[in-house]
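**Student:** sharing a model that was predicted from the sequence below.
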Amino acid sequence: MATKIDKEACREAYNLVRDDGTEVNWVTFKYNGSTIVPGDQGVEYEAFKRKCTDDVRLFGFVRFTTGDAMSKRVKFALITWIGEDVSGLQRAKTGTDKTLVKEVVQNFAKEFVISDHKELDEDYIKNELKKAGGANYDAQTE
């Protein structure tokens, strides 16, 4: 059965993370049968990481504050999590299903496809976002 996405509900969740007026820093998009729907949401990145278990595949839209001594910027990451215990067929479908998620989640600095918990490290993700961010004034303060 072809995967579908609940665009309106997912767009609402996506907008919560993008809205500077909310404390929501991340949302997940999960599978409910063959439909992608909003999952959990939260403030702390560690809580997001706990959702990434070995038996699930999900998409996360996460807000990070990056920058340097001269400027702080908000950057967004699209994280595709595929747990180690997910079957080969589901792994393969996740790649094509991500296209549906990207119809809703359109603004992000970098996307990640992760299946190793070590790659979910917050400093690693922030560093990758910083690299994608352009100007880096940290070198001038060293």
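**Tutor:** The structure has been received and is ready for your questions.

**Student:** pLDDT weak spots in this structure?
**Tutor:** Within the chain, the segments meeting pLDDT under 70 span 67-68, 133-142.

**Student:** mind redoing it with 80?
**Tutor:** 1, 66-71, 132-142 (pLDDT under 80).

**Student:** could you pull out the helices for this protein?
**Tutor:** Secondary structure of the chain (DSSP state H): helices located at 7-18, 45-51, 88-104, 122-132, 138-141.

**Student:** so can I have CSV of the ones you listed showing mean neighbour count and distance to residue 59?
**Tutor:** Heads up, the C-betas are built off the backbone N, CA and C, glycines and all. As requested, those are arranged in CSV below (neighbours: other CB atoms under 10 Å; distance: least, CB to CB, whole Å):
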stretch, mean neighbour count, distance to residue 59
helix 7-18, 17, 9
helix 45-51, 16, 11
helix 88-104, 15, 5
helix 122-132, 15, 15
helix 138-141, 9, 31
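
**Student:** CSV for the ones you listed, including distance to residue 81?
**Tutor:** As requested, those are arranged in CSV below (distance: least, CB to CB, whole Å):
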stretch, distance to residue 81
helix 7-18, 16
helix 45-51, 8
helix 88-104, 9
helix 122-132, 12
helix 138-141, 30
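
**Student:** closest to residue 110 out of these?
**Tutor:** Nearest of those to residue 110, taken as CB to CB: helix 122-132 at 4.7 Å.

**Student:** which one of the helices of the chain lies closest to residue 77?
**Tutor:** Nearest to residue 77, of the helices of the chain and by CB to CB, is helix 122-132 at 5.9 Å.

**Student:** okay then, goodbye and thanks.
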